[in-house]
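1. Curious how this folds, go ahead:
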Amino acid sequence: MVSDVQASITQNRIVYGIKRKSPLYGCLNMINGIPPNYMHCVLRGVTKLLVTLWTSSNNHNKPYSITRDLPTIDAALCSQTHPHKFSCSP
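-> Here you go, the predicted model:
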């Protein structure tokens, strides 16, 4: 992203949607400092793609694959329970 900002400044054109350097550029980490949003993660299918990549048996030899850990993850998720008491009514 940093190189795209520099390219948009030096070439005076839009590069991957970047028009110019943001005033927040030095104060905020634009990649890790902004939370994911619903539109990109859910509506655009990013979450589905990530889960598919992580759990697909076709990717079992990739470093990001969690196929061998799925039984442990499944057991941890199944052992969770919902709260039975609420301190205040919703």
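
2. where exactly do the helices run in this protein?
-> 2-11, 38, 46-55, 70-78 (DSSP state H).

3. Redo those as a markdown table? Include distance to Leu24 and mean neighbour count.
-> (Glycine included, C-beta is placed from N, CA and C.) Output for the helices of the chain, formatted as a markdown table (distance: least, Cβ to Cβ, whole Å; neighbours: other Cβ atoms under 10 Å):
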| stretch | distance to Leu24 | mean neighbour count |
| --- | --- | --- |
| helix 2-11 | 12 | 13 |
| helix 38 | 22 | 9 |
| helix 46-55 | 23 | 13 |
| helix 70-78 | 37 | 10 |
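
4. Next up, the contacts around the spatially most central residue of the chain.
-> Using Cα atoms, centre = their mean, the residue of the chain that lies closest to the mean C-alpha position is Pro36, 5.8 Å off. Going by Cβ atoms under 8 Å, 6 or more residues apart in numbering, Pro36 touches Val46.

5. And it, how far from Tyr25?
-> Counting by Cβ to Cβ, to the nearest Å, the gap from Pro36 to Tyr25 is 20 Å.

6. so where's the chain shaky on pLDDT?
-> The model of the chain has pLDDT under 70 over residues 1, 89-90.

7. Domain parsing of it, as residue ranges.
-> 1-34, 36-78 (automatic domain parsing).

8. can you put those domains in TSV and add distance to Cys88?
-> Below are these laid out as TSV (distance: least, Cβ to Cβ, whole Å):
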stretch	distance to Cys88
domain 1-34	32
domain 36-78	27
